[in-house]
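Novice: Below: sequence and its predicted model.
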Amino acid sequence: QVQLQESGPGLVKPSQTLSLTCTVSGGSITTNYYYWNWIRQPPGKGLEWIGRIADNGRTDYSPSLKSRTSISRDTSKNQFTLQLSSVTPEDTAIYYCNVHVPGPVPVDYWGQGTQVTVSS
């Protein structure tokens, strides 16, 4: 079973860059057809997809966040990272990493989530 764990600072100042890492165990981030996602949930709101990195390293981003988002990976550490630049208090949320495993019965595995607060 794939396990994911988010890590990174819980407090970021406005205008700075938020940086989070997802460490994966029980599976490889280069496994064919797997998509590794970053998703967030602002307080009192629903889940918002931020972007993803595929098994081949290709990235896709939410149009609303694309200009500020970068997702990369370190295959030697089996990790992928999120960088969100020029943050504002509206970026305060619980941030999750997730993997979608396609197949006859698709499965999603989630990290436990990490709270990030943007405040001076």
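Specialist: It's in.

Novice: ok, the residue positioned nearest the centre of the chain to V105 distance?
Specialist: Computing the C-alpha centroid of the chain and ranking residues by C-alpha atoms, centre = their mean puts W38 first, at 2.4 Å. With the distance defined as C-beta to C-beta, to the nearest Å, W38 ends up 24 Å from V105. Every residue, glycine included, has its C-beta placed from N, CA and C.

Novice: show me what contacts the residue nearest to the centre of the chain?
Specialist: W38 makes contacts with 20, 22, 49-52, 71, 82, 95-98, as judged by C-beta atoms under 8 Å, 6 or more residues apart in numbering.

Novice: hang on, it is in a helix, isn't it?
Specialist: No: assignment of W38 by DSSP: H, G, I helix; E, B strand; the rest coil gives strand, placing it outside any helix.

Novice: Got the confidence number for it?
Specialist: Model confidence at W38, given as pLDDT, is 98.

Novice: who does it bridge with?
Specialist: Under the criterion DSSP bridges, W38 forms beta bridges with G51, C97.

Novice: go on, D60?
Specialist: Beta-bridge pairing of D60 under DSSP bridges involves R52.

Novice: Which parts of this structure are strands?
Specialist: Chain-ordered strands for the chain, with DSSP state E as the definition, fall at 3-7, 11-12, 18-25, 35-41, 48-54, 59-61, 69-74, 79-84, 93-101, 107-110, 114-118.

Novice: Can you list the buried residues in the fifth one?
Specialist: With burial defined by 16 or more other C-beta atoms under 10 Å, the residues of strand 48-54 counted as buried are 50-54.

Novice: And I29, how close does it get to N37?
Specialist: With distances taken as C-beta to C-beta, I29 is found 12 Å from N37.
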